[in-house]
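*Asks:* Sharing a model that was predicted from the sequence below.
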Amino acid sequence: MKLKTLVLLFLASGALAQPANGDEEDAQLDAAKAAAAKMKATAGQEGAAAGEATPKDEKETKRAKAVRARQAQRAAEAAKAAEAAKAPEAAALPSWGEAPSGEAGLPSWDAGATPGADLTPDWDAAFGAPAASLYPWFEFHGYYRLRTSFFYGLDLGTYRANVGSTSPILPPLAEREDDGFGDGSESLSGANMRLRLRPSIHITENLRIHTSMDLLDNLVLGSTPEVGPTPRDSAIPLDTFRGNQAPPQSGVNGYQDSVRVKRLWGEWRTPLNTLVTFGRMPNHFGLGLFNHGGDDLNNDFGDTVDRLMAVTHLFDTYLSFSWDFADEGFVGYSGMWDKSNQSQDQAYDFDQSDDVTQFSVSLFNKPFSRKEEANRADALRAGKVAFDWGAQMIFHDRDNYTEVPQGAGAADETGFQLRKVKESVVVPDLWMSLRYHPKAKQTYALQLEVVGVFGEISELPQRAGEEATRCLDPTIINIDDCPSSQIVHPRARDVQQWGYALEFDARDKDFRWGLHHGVASGDDQEGFGILDQTPLDTVNLRDDAFTNFAYNRGYQVDLILFRQLIGGVTNAAWFKPYLGYDFINEVDEAWGFTLSAIYARALEADATPGDDPNLGLELDLELFIHEFDRFKWSAAYGVFVPMSAFDLRDPQTKALIAEPNVAQTFQMFIGMEF
């Protein structure tokens, strides 16, 4: 219908746009009327046919109704334009060489004679690859977002200048002891924004180039004031009263540049129907516990991998194999221009033995193409159960690493030296998904991902100067005389980490509810090992294993506890029931709220600041307006009630110094997608 309508509309508008007189005018007028009448009749017939089917078809959408309404509108406008063609010749469109309004070269359009007034753009034209003759063509997607955040009591009230704090967030400067500026304020607030562009170039039907770049990536509003040539710390910069902002430049007035190109990769679909991808690309698997792409509208993190990958269809399953460039070691720094690192030529790797060798193999059964996704949607609407699964294995190995001298940057390679590390790790990752839509607006979904990280590090770089085998009893000189219970290996560590996440989500018309739950293994050494310190215990020589698994930071479960205070889910079992209601629940938009509660408990109590397993309870409430794939606004409030795990204790005596206070946050988000 759309192609026929556009052709008839073109004929009708063409007949009206050509100047005519006499018999030619009458003939063209008749042709225009006939075309408009035919278009109107065609639109009416299709609209009537669709109208008869509407009560019987529950799949009818607002978009289909809007398309038919616009078709009828175009038919009416074309008929009206045909009648307007009877107007006298004086009402014809003026040429650019005349000056009917008295101003040379500027035409004056009479009312109703604006060119193109009878044309209505069809925003719902069928999507899909254009004709082969139009290659190459350009596709553009991305989003813009603005976020505001207000935090109160994020330091938990446990900061002591001579001891430390149980929160990684320090109090406001005015509230730190001995500063003399205390005014009782415990709040921190700000706003930031980002424009993410994801353009694609379709060279042919089988060749594509993709990229992803961020403009003003998480730029804090007001963080780059233009203060003129006077240094900011020399006096009060009076020119900041103007409020002018300068573009951020790394090393000048910011820690990163205005434009950051994050990903760039190519795709080639071979004649054997194997998809080959190569370059720097997103990396996501399953729920994202280990590898998370971070493409959510409100996400700050995301995995990017330098990779060569091939994906092929094997029976009803997909098989992928990838070779990753995880770490090439030292390849030179900016300003280090010599034969090994030329200014306009490629840089040379200093050594091959410090490179990480990493491969991954994946086997999965899930919709991979648009056609498969459409078939899956049809199956779900028919009441069938959809089961998807995936298995991934990552192999990681490295023998050495390059020790870079302090202040490297000059063209002097004499200070670099290799150190043994000998690390070998495997990462099995399993994911499964079960979905069931028994009827319209009633859905059930269950997802599970289980990850393990197992291996060993034979030579810790941080312990390079120590003995490989040592006796804890200092009175024993000969290691052969040392009891096995007293023998330690300070330079070696086993890697034994595991975690999982389970998500159950349900909807019945406008009500939503579910339960999310997960566990991440912990370590008995002090600290969580993400924001507070590294996982390596530099004191306890008996600590012979890295056992604390950390969720990828792109996987978010709350507003305060894991996202702000710990930095991610680790050393914890967490439970998150939630309830939601949509006041407006349409095909293309939803207005509603979600209320959730999160309780978390540490697996290794000795790793928490308060030596207690109870981490705390958090309540989060979000109100939202969401036009799917176009616009989202939300306002969220969260309150975290910390428990004894965040008590501040004396490092030596373990005596209680301070109990934690409640932390709160209010956040607002606005985003536009395209």
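*Replies:* Received it, and whenever you're ready, just let me know what you need.

*Asks:* How about the secondary structure of D480?
*Replies:* helix (DSSP: H, G, I helix; E, B strand; the rest coil).

*Asks:* so where's the stretch 451-600 of the chain uncertain?
*Replies:* The stretch 451-600 of the chain contains residues with pLDDT under 70 at 464-465, 535-540.

*Asks:* So in the protein, which strand runs the longest?
*Replies:* strand 417-439 (DSSP state E).

*Asks:* So in that sheet, which strands flank it, and in what orientation?
*Replies:* Sheet pairing of strand 417-439 (DSSP bridges) gives strand 385-403 (antiparallel), strand 442-457 (antiparallel).

*Asks:* Distance of the closest residue to E589 other than its chain neighbours relative to R194?
*Replies:* Spatial nearest neighbour of E589, excluding adjacent residues (C-beta to C-beta, 6 or more residues apart in numbering): E627 at 4.5 Å. Any C-beta I mention is one placed from the backbone N, CA and C, and that applies to glycine too. E627 is 19 Å from R194, where distance means C-beta to C-beta, to the nearest Å.

*Asks:* Between the two, tell me which one has more neighbours.
*Replies:* Taking other C-beta atoms under 10 Å, E627 and R194 do not tie; R194 has more neighbours (19 against 15).

*Asks:* give me every residue that touches D582.
*Replies:* With contact taken as C-beta atoms under 8 Å, 6 or more residues apart in numbering, D582 is in contact with 510, 512, 590-592.

*Asks:* Now that we have the residues you listed, which of them are buried?
*Replies:* Using 16 or more other C-beta atoms under 10 Å as the burial test, those include 512, 590-592 as buried.

*Asks:* now the strands for the stretch 551-674 of the chain?
*Replies:* Applying DSSP state E, counting those that start in this stretch to the stretch 551-674 of the chain gives strands spanning 572-585, 589-601, 614-627, 631-642, 648-649, 656-658, 663-673.

*Asks:* nearest to D473, of the ones you listed?
*Replies:* strand 648-649 (30.0 Å; C-beta to C-beta).

*Asks:* Each with direction, which strands does that closest one pair with?
*Replies:* Each strand that pairs with strand 648-649, with its direction, by DSSP bridges: strand 656-658 (antiparallel).

*Asks:* How about the partner strand, which residues are buried there?
*Replies:* Buried residues in strand 656-658, counted by 16+ other C-beta under 10 Å: 657-658.

*Asks:* got it, and stretch 512-520?
*Replies:* 512-514, 516, 518-520.

*Asks:* Grab the CA positions of it and hand them over as CSV.
*Replies:* The C-alpha coordinates for stretch 512-520 follow below in CSV (Å, rounded to 0.1, in the frame of the first residue of the first chain):
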residue,chain,number,x,y,z
ARG,A,512,5.1,-6.4,37.4
TRP,A,513,6.9,-8.3,40.0
GLY,A,514,9.9,-10.5,40.4
LEU,A,515,12.9,-11.7,42.4
HIS,A,516,16.6,-11.2,41.6
HIS,A,517,19.2,-13.1,43.5
GLY,A,518,22.9,-13.7,43.3
VAL,A,519,26.1,-14.8,45.0
ALA,A,520,29.7,-13.9,44.5
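
*Asks:* neighbouring contacts of it?
*Replies:* Residues contacting stretch 512-520 (C-beta under 8 Å, 6+ apart): 289, 499-506, 548-551, 557, 569-582, 592, 594, 603.

*Asks:* could you flag which of those residues are buried?
*Replies:* 289, 499-501, 503-505, 548-551, 557, 569-574, 576, 578, 580, 582, 592, 594, 603.

*Asks:* D378: neighbour count?
*Replies:* Count around D378 with other C-beta under 10 Å applied: 11.

*Asks:* for the host helix or strand of it, packing partners?
*Replies:* Secondary structure from DSSP states H and E places D378 in helix 370-381. Applying 3 or more C-beta pairs under 8 Å, 6 or more residues apart in numbering; DSSP states H and E, we find helix 370-381 packed against strand 385-403, strand 417-439.

*Asks:* will you turn those into a markdown table that also has distance to I477 and mean neighbour count?
*Replies:* Shown next, in a markdown table, are the helices and strands packed on helix 370-381 (distance: least, C-beta to C-beta, whole Å; neighbours: other C-beta atoms under 10 Å):
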| stretch | distance to I477 | mean neighbour count |
| --- | --- | --- |
| strand 385-403 | 32 | 17 |
| strand 417-439 | 27 | 16 |
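
*Asks:* Make JSON lines out of the ones you listed and add mean pLDDT.
*Replies:* Shown next, in JSON lines, are those (pLDDT from 0 to 100):
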{"stretch": "strand 385-403", "mean pLDDT": "92"}
{"stretch": "strand 417-439", "mean pLDDT": "92"}
